[in-house]
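1. Have a look at this prediction, sequence included:
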Amino acid sequence: MGLLSHGAPLSWDEAKLQADHVRKNGIEQFLSVYRKLKDRQNDFLKWGDEVEYFFVKLNDKEKAAKLSLNSTKYLEILNSEEEDPFTKEAIDSLWRPEYASYMIESTPGTPYGHDISNFLEVEESMMKRRRKIKAFLEDNEYLVTLTNFPRLGCRYCSDPPCEPYGPIAKSIFIPDEFINLHPRFETLTKSIRERRGSKVNISVPIFHDKFVVRPFREPLVSPDGVAERVAKPDTIYMDAMCFGMGCSCLQMTFQACSLSTARYLYDQLAVMSPIMLALSAGSPIYRGFLADVDCRWNVIAQSVDDRTEEELGQIPLANNKFVINKSRYDSIDCFISPGPFFKHAYNDLRLVKDDLVYNRLVTEGVDDLLAQHVAHLFIRDPLVVYKESLHQDNEAQSEHFENIQSTNWQTVRFKPPPPGSSIGWRVEFRPMEVQMSDFENAAYVVFVVLLTRVFLSFNLNLYLPISLIDENIQNAQKRDAVNSGLFHFRTILTAGSCGKETELMTLDKIINGEGDFLGLVPLIFIFLDSITIDLHTRFRILQYLSLISKRAKGELLTTAAYLRKFVTEHPDYKHDSVVSERINYDLVKMAVSVGEGEIIPELVGDCYKKNMCFKESREQNL
Ligand code: ADP
Ligand code: MG
Ligand code: MG
């Protein structure tokens, strides 16, 4: 979720006057932590997951599924348990607000440890979390883990219904009531709009089924009769931050044993981001239309793109401004580890950085790679500034640093330790889309943790030029990328290069291997064979790996492929790419059931069933 502070945020006009103050002190705060903790060693490999949920209401009589805007209500109860000294110690899940008032985020109560048997706790923790929140729900209210609500932004898609075109988002689709009540979210929305000087302008290609007219164009008129001229033909147009930040995802954070290990992991996980985005694809529908993409990434990037015309290079630059190549939400622009496999040629994007920040860091002894990473984050303005936190003790606080850091939403995030805490240097892995069941979410999470173990144990080298990762990010989102996409990947992962370093591979080859290329799942098996691991844990891990492996092979469908199939095979579907109220109802109802344990063979095959059999046979044996 990111930084939440208390108090009243400044308006954009006031906040922008504080931008230099926040940056200047933010850098001192980073430097303070860096000086104190750069040499800290031997932190444990801890890690945790974050799952985001939507609240929905099912109206069985009218066959309608609506978003339920109850998040604040439930958070108050859940957070008061966290704060109560009598219940605090026994808390096994933590709950945080997310952008939309129909969303909530959960994490395990404490991070998992380095023990392999911790892998068994993930799914159990996710199931417990779902049960916990279920206990509070109203009649007909349910929890789903869908990346996007298919009819988000269609008229009256919430219960109770609300009108769009409020003063915060000014969206012709999204009511302001959908924005979480915490002032951070309203302020982010307004500041982004005001900074860029217009509403955000999001478009994704529409899926051209046989009855979609070419070019596809919608008459888009605001409630006060003004035509919206920004919609591009053949795209689904969206005009509010909620369309992106109102999507759910599955994230993970890893604590590394040292700063240099965190930097190494950051780089390797950056390369894995597009691969895991394609494998976890789960969002083929936007605003009631089938799209020609399977993932949310470009939607969310456009939904918080606060760049001005100058920064976009559309008008000449004034002083101290930069032309910026990407949204604040996007793939990373530079690697940060100076480890043995890194080559400067891999950082092949022209990096935009704040030279004042860079020089300050370098003067204080921060090396070039880390200094340019931070100086790149600091090209952005702080969007939410609280008057109460303007003056801080830079040796003991880090809110100014976190302000800029937490509104740079990239595929991976390098997280310095919070001042005065026992937490170490961490890396957050952010690209994955959430799956409908806890079993699938646990499988993706365990797969990624195992990958980090394999990277570290075998000292793997996944480096690609950043420009190729960017190409992969675009390819990962295309419809059916998991089967038909090709991705740049290193041909040899175990050493530096000789000859041609990379080639275009299918996801199947990357994950399962082919010819001389071993593949990531087989590498994980080698790792598992090298450690002591009890049978039960091993069996469960095999189930998870089998899901990942079969999805990469195309033997099982990704969530996106399944949702697309669900729509196109629905009796109410008219081959016009429209996801009607009725289809939406059946789809959301299905997602509710899957969340509650229904097995869909096309999605999970026999992976989960075998798991159950194992449990039963164990019980029989006891
Ligand atoms: P965010 O930046 O998303 O707000 P948080 O600091 O709240 O992140 O932590 C989110 C994730 O990090 C959770 O999954 C949590 O379990 C995990 N986490 C918390 N502390 C640690 C730690 N010391 N090491 C690794 N992961 C941690
Ligand atoms: Mg979140
Ligand atoms: Mg997070």
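-> Thanks, I have it. Because the structure is predicted, anything quoted here is derived from the model rather than measured. Ligands and ions are numbered 1, 2, ... in the order given.
2. So Lys353: helix, strand or coil?
-> coil (DSSP: H, G, I helix; E, B strand; the rest coil).
3. burial count for the closest residue to Glu503 other than its chain neighbours?
-> With sequence-adjacent residues excluded and distances taken as CB to CB, 6 or more residues apart in numbering, Glu503 is closest to Thr491, at 5.5 Å. All C-beta spots, glycine's among them, are computed from the backbone N, C-alpha and C. By the criterion of other CB atoms under 10 Å, Thr491 has 14 neighbours.
4. Please report the distance of Thr491 from Phe173.
-> Remark: distance between Thr491 and Phe173 (CB to CB, to the nearest Å) = 46 Å.
5. Arg328 contacts Ile379, doesn't it?
-> No. Between Arg328 and Ile379 there is no contact under CB atoms under 8 Å: 9.6 Å.
6. For the residue of the stretch 451-600 of the chain found nearest ligand 1, identify the helix or strand it belongs to.
-> Per CB to the nearest ligand atom, Thr452 is where the stretch 451-600 of the chain lies closest to ligand 1, at 11.3 Å. Thr452 belongs to helix 438-458 when elements are defined using DSSP states H and E.
7. Would you mark the buried spots in that helix?
-> Judged by neighbour count using 16 or more other CB atoms under 10 Å, the buried positions of helix 438-458 are 438-456.
8. do the same with stretch 106-124
-> Of the residues in stretch 106-124, 106-109, 111-112, 116, 118-123 count as buried by neighbour count, 16+ other CB under 10 Å.
9. Tell me the secondary structure at Leu250.
-> strand.
10. wait, what's in contact with it?
-> 49-52, 280, 432-435, 441, 444-445 (CB atoms under 8 Å, 6 or more residues apart in numbering).
11. try 10 Å
-> Contacts here follow CB atoms under 10 Å, 6 or more residues apart in numbering; on that basis Leu250 touches 49-52, 126, 145, 147, 276, 280, 282, 429-435, 440-442, 444-445, 448.
12. Let's see which of those end up in strands.
-> Taking DSSP state E as the definition of strands, these contribute 49-52, 429.
13. from those, which are also near ligand 1?
-> Among the ones in strands among the contacts of Leu250, proximity to ligand 1 is found for 49-50 (CB under 6 Å from any ligand atom).
14. Next up, the contacts around the residue of the stretch 451-600 of the chain closest to ligand 1.
-> Thr452 makes contact with 45, 47, 252, 254, 256, 261, 265, 268-269, 272, 427, 429, according to CB under 10 Å, 6+ apart.
15. Equivalent analysis for Leu462, please.
-> 267-272, 275, 341, 451, 455, 469, 489-490, 493, 520.
16. Apart from its neighbours in sequence, what residue is nearest it?
-> Leu462 sits nearest to Val271 (CB to CB, 6+ apart), 4.2 Å away.
17. now the one you found, what's its secondary structure?
-> helix.
18. wait, doesn't Leu10 sit right on Glu194?
-> No. Applying CB atoms under 10 Å as the test, Leu10 and Glu194 come out as separate, 11.9 Å apart.
19. Now for the buried residues of stretch 106-124: which two are most distant?
-> Ser106 and Ile116 (23.4 Å; CB to CB).
20. If Tyr329 is in a bridge, with which residues?
-> Trp409 (DSSP bridges).
21. all numbers from here: first residue = 15
-> Yes, from this point I'll number from 15; that puts the last item at Tyr343.
22. and the gap between it and ligand 1?
-> Counting by CB to the nearest ligand atom, to the nearest Å, the separation of Tyr343 from ligand 1 is 14 Å.
23. next one: Ala389
-> Taking CB to the nearest ligand atom, one finds Ala389 at 21 Å from ligand 1.
24. Then that residue would be within a helix, right?
-> Yes. Judged by three-state DSSP, Ala389 forms part of a helix.
25. Could you pull up the residues touching it?
-> Contacts for Ala389 (CB under 10 Å, 6+ apart) come out as 41, 365-376, 380.
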